[in-house]
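Undergrad: After the sequence you'll find the predicted model.
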Amino acid sequence: MKNSKFSEVQIIKILSQQNQGKTVNEICREHGISEPTFYNWKSKYGGLDVQQLSKMKELEKELSQYKKIVAELTLENVVMKDVIAKKL
């Protein structure tokens with residue numbers, strides 16, 4: 001998947017221009033994006049502000065750490081069960 005030339009903060013600022021009364025066509029022409037791209041961004045980032053985005057990123061990072069911990073503990077549990085089963 002191609003990386004966007006816009007950061008997430010820039011995308012939120014672009015989307016907020018619609019709330020200021022600009023039309024989607026004007027915004028797309030000004031920033032050199034297509035309308036489908038604008039609407040994809042809107043479905044993903046619509047209603048967020050910069051603070052909410054940073055908090056969301058923090059939570060996603062924390063969640064990935066928890067998932068890693070659970071995966072490691074699950075693997076350890078399976079290995080221990082295998083060892084116990086072989087001894088019996």
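TA: Alright, I've got the coordinates.
Undergrad: hey, where'd the helices end up in this protein?
TA: 8-19, 24-31, 35-45, 50-87 (DSSP state H).
Undergrad: tell me how far stretch 55-64 is from the chain's mean position?
TA: Here stretch 55-64 is found 9 Å from its chain centre; the criterion is C-alpha atoms, centre = their mean, to the nearest Å.
Undergrad: Contacts for that stretch next, please.
TA: residue 48 (C-beta atoms under 8 Å, 6 or more residues apart in numbering). Where you see a C-beta, it was placed from the backbone N, CA and C, and this is true even at glycine.
Undergrad: neighbours around the closest residue to residue 14 other than its chain neighbours, how many?
TA: Take residue 14 and drop its neighbours on the chain: the residue closest to it by C-beta to C-beta, 6 or more residues apart in numbering is residue 31, 5.7 Å away. Counted by other C-beta atoms under 10 Å, the residues lying close to residue 31 total 16.
Undergrad: can you check residue 65 too?
TA: The number of residues near residue 65, taken as other C-beta under 10 Å, comes to 10.
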